[in-house]
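J.: Turn this into a model:
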Amino acid sequence: MQIINPQTGNLLRTVSLTNQPSEAARGRLYTQPWLDAGLRQVAVDVTCRPVRGSAYSEHLLLPLNAPDY
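T.: Just a heads-up that it's a prediction; the model follows:
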């Protein structure tokens, strides 16, 4: 998964995700630095590579919200 600043196109982070419920924390990102930098949304490209079939990608524009601890 790639996380991109939609205003500049700069890559903010690349994260490898797996479908492992026991490792849910791996999919969490600390967004406060991006909020502090003035970002209010990020573009996310998620590519799925299934064991069978063809790879496909989803392109999402997601809002950043303040952490809800």
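J.: quick one: the residue lying closest to Leu64 once chain neighbours are set aside from Thr8, how far?
T.: Leaving aside its sequence neighbours, Leu64 sits nearest to Thr31 (Cβ to Cβ, 6 or more residues apart in numbering; 5.2 Å). Any C-beta I mention is one placed from the backbone N, CA and C, and that applies to glycine too. Look at Thr31 and Thr8: by Cβ to Cβ, to the nearest Å, they are 17 Å apart.
J.: quick one: which of these two has more around it?
T.: The neighbour count for Thr31 versus Thr8, taken as other Cβ atoms under 10 Å, is higher for Thr31 (17 against 9).
J.: Low-confidence ranges, the protein, go.
T.: Low-confidence segments of the chain (pLDDT under 70): 18-27, 66-69.
J.: Which parts of it are strands?
T.: Using DSSP state E, the strands of the chain run over 2-4, 11-14, 41-48, 56-63.
J.: ok now the first one, how far from the chain's centre?
T.: This points to strand 2-4. Computed by Cα atoms, centre = their mean, to the nearest Å, the chain-centroid distance of strand 2-4 equals 6 Å.
J.: No further questions, thank you.
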